[in-house]
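Visitor: Quick one: sequence and predicted model below, then my questions.
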Amino acid sequence: MATVNEFKTETPSLTAVNDFFLERPTYKEGYDQETNTVIRLVSSKRNKPGKEKKAYKVTGIDDVAAKNNWKAWLYLAPALILVVIFLIYPLINTIFISFLKDYSYVTGSFSGMTFENFGIILGLTPYNGVYETNFVKYAIPNTFIIVFLTVPISTLIALMISVWLNSIKWFQKFLQIVFFLPYVTNAIAVGMVFSVLFDEHGIINYMFNSNIVWIYAATREHAMVPLMLYIVWSSLPFKILIFLSGLQGIDKQYYQAAKVDAASSTKILWRITVPLMSPQIMYIVITSFIGAFKEYTAIVGLFNNPGTTPGDYSLYTIVYYIYDNLNSHTTFAAAAAVFLFIIILVFTFIQLGVSKKRVHY
Amino acid sequence: MSNENLNAIEPQNVKVYTVPKMDTSHIVLSLEESSRSVAAIQRREKIGGIITTILTYVILLALALIVVFPFYWMIITSLKTNEEVIQSNQTLFPSIVMWSNYVFVFQEFKFGTFLGNTIVVAIFSTLGTLLTTVLAAYAFARLEFKGREAVFLIFLMTMMIPGEMMVISNYITVASFGWIGSGQTLLNAYLSMIVPFVVSVFYIYLLRQNFKQIPNELYLAAKVDGKSDWSFLWKVMVPLAAPTLISICILKFMGTWNSYVWPNLVTNSESYRLISNGLRGSSFTDPDTGRTNFGYQMAGTVLVTVPLFLLFVIFRKYIMRGVGRAGIKG
């Protein structure tokens, strides 16, 4: 990482620092090289003639820091209070709500603790005499399909684009910017653009001379195609950015050595580039897995519904289910959120376990 | 698997082997015998290199076209009549340029209202985030107090938890503050969209790392000169960390511009919502036919996308560096 160099070159100007040091202090201090502390000689103005105690007292910088313990907490207070209210408390509270029976968020009343909420969303326990099937039938499978298709595909495409981008001389910067463009967009807006591209009378059907219904009133299988393409398209820029910075950090000597040994380019890719990029690849895989598990806005942008027609839930994802039920069935939403949390946790730990064996740091 | 290959390249692992004697008569050792001159081999390598380069450019340009195509299609569709959009023969350029689509969208879509809301929410949540981030990052990076590492660890751990866990309870929290529900005022709506987002653990982490790079000698020198921690923070640390702070500001602004879920949850009235909600919530139906007009719809998306592109053109360096380090959207 070239962060230290960046710090030097990116400094706007050192004038701020100079201005700061121009104001000289009125008392004497010295820096003790051996103990690595500042000795401050503070003159005491309160000393009255005849009642002189000490003209100077000696303080090390460490005592000053220790004395100002409460000051540090003051600096931390705004962030700490907000983190407790909006991050830590809600985490505990959501887990709590997922076990409540007949909970109403308006009044805060509930009639007891139960495991039923999990049973209901998983379709094991009836709710008001009806089994909830959408979560098991659609939300869980859709989420897993999205995760296991889009993450490997987009990671592989991004890796290939980055390797190619890294190998060219002209227009490298320009193409890099072009490939970054999908990041700087509004997910809803581009989702709507994709729904126009994939319209029954749209350009995609025209180009491939087909008349498949992709968006409105489409079958679940067909609707998945534009959805996947959109998710891959929008997840490429971030991956390319990370991969390219990783590639640019690889020592050229490895490639020169490989050239001496007349290694083929595929061998170079799999035996040098990929192993040396393994920290970046691992980072990307873990973050994209988490991101794909939380897919929601892509579906809203493309379909504006949890299905291809109003009243259809065939495109539910776990997160879509959470937001859809947050108001009407808060306990179910909380149970689904806890369910998602556990899945993400398990997957992240599996991936971290794999990375310990396979990633070369 | 690839461990051995890697190690093999490193000089300390190179071993010298003695090759056992064997029949080598069939091995061609000279270029002359292989009937290829050095020039021929070089020429061949050069041609191969050129072909690879050309292929790489062709593939990259094709992929770049695919990446850019939705943007192109968005713009030209926004300038087409609806008849032209849905006709069986697709055109790559509008036959009649319909600027009136934009006029219609400005009237129907209440673009001004949504833009105003988004800018107010973005400015205040960015300012709030900056303040909490700078103070907390400074405490973590420079000040010494008991429990610093423990608190920092708790902060970091919250980053691993999916936001959906928090949304449910935060909704209830904000409701209990009386900011949502019937009788919601514009101020209530703003508060509910700003306050939960004026802290970001990730930005605190990012800035702390940046603050830590600032040499300790500066801090000691400031102490020698009798400066307080407070003035050291604002007069030395903040100016030196300006690039990171600019990145944070822009990413935060983009985050607000793209936020959809939370504003949709906490606002009662259409006119309190942000730009993404406005875009998805508007129906873009043609008053004459009663059907969705794609021209209007795409004009709306162009209006939402263009400000982001302008931001990108101006602050490209900060956005790309910020994203590269941050790695989270919004």
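Guide: Happy to help now that I have it. Numbers count the residues shown, from 1 in each chain, chains lettered A, B, ... in the order given.

Visitor: quick one: the residue nearest to the spatial centre of chain A from A:Phe347, how far?
Guide: Note on chain A: the residue nearest the mean C-alpha position is A:Thr287, at 5.8 Å, using C-alpha atoms, centre = their mean. Using C-beta to C-beta, to the nearest Å, one gets 12 Å for the distance from A:Thr287 to A:Phe347. Every C-beta, even on glycine, is put in place using the N, C-alpha and C of the backbone.

Visitor: sorry, back to before: what's whichever helix or strand the residue nearest to the centre of chain A is part of in contact with?
Guide: When elements are assigned from DSSP states H and E, A:Thr287 belongs to helix A:278-293. With contact meaning C-beta atoms under 8 Å, 6 or more residues apart in numbering or on different chains, helix A:278-293 is reached by A:143, A:146-147, A:150-151, A:154-155, A:158-159, A:231, A:235, A:239, A:242-243, A:245-246, A:274, A:318-319, A:340, A:343-344, A:347-348, A:351-352, A:355, A:358-361, B:162, B:327-328.

Visitor: ok, now stretch B:284-300?
Guide: Under C-beta under 8 Å, 6+ apart, the answer for stretch B:284-300 is A:189, A:192-193, A:196, A:199, B:74-75, B:77-82, B:85-86, B:98, B:101-102, B:104-105, B:108-109, B:111, B:279, B:282-283.

Visitor: residues in contact with B:Val198?
Guide: A:82, B:124-125, B:128-129, B:131-132.

Visitor: Apart from its neighbours in sequence, what residue is nearest it?
Guide: B:Gly128 (3.0 Å; C-beta to C-beta, 6 or more residues apart in numbering or on different chains).

Visitor: That neighbour against B:Pro196, yeah?
Guide: No: here B:Gly128 lies out of contact with B:Pro196, judged by C-beta atoms under 8 Å, at a distance of 10.4 Å.

Visitor: Show me the shaky parts of the chain.
Guide: Looking at chain A here, since you left the chain open. For chain A, applying pLDDT under 70 flags the ranges A:1-68, A:361.

Visitor: Actually, chain B is the one I wanted.
Guide: B:1-36, B:290, B:326-330.

Visitor: quick one on the thing from earlier: name the SS class of the residue nearest to B:Val198, please.
Guide: Of the three states, B:Gly128 takes helix under DSSP: H, G, I helix; E, B strand; the rest coil.

Visitor: Near it, how many other residues are there?
Guide: 19 (other C-beta atoms under 10 Å in any protein chain shown).

Visitor: Could I get the contacting residues of it?
Guide: B:194-195, B:197-199.

Visitor: just B:Val121 next, same as before
Guide: Counted by C-beta under 8 Å, 6+ apart, B:Val121 has contacts B:190, B:193-194, B:256, B:263, B:274.

Visitor: out of those, who's near chain A?
Guide: Counting by C-beta under 8 Å from any C-beta of the partner chain, the subset of these that neighbours chain A is empty.

Visitor: Of these - the most surrounded one?
Guide: Neighbour max across the contacts of B:Val121 (other C-beta under 10 Å) = B:Met193, 28 neighbours.

Visitor: Contacts only, for the residue in the stretch 51-200 of chain B that chain A sits nearest to.
Guide: Nearest residue of the stretch 51-200 of chain B to chain A, counting by C-beta to the nearest C-beta: B:Ser169, 3.2 Å away. For B:Ser169, the contacting residues are A:89-91, A:93-94, A:97, by C-beta under 8 Å, 6+ apart.
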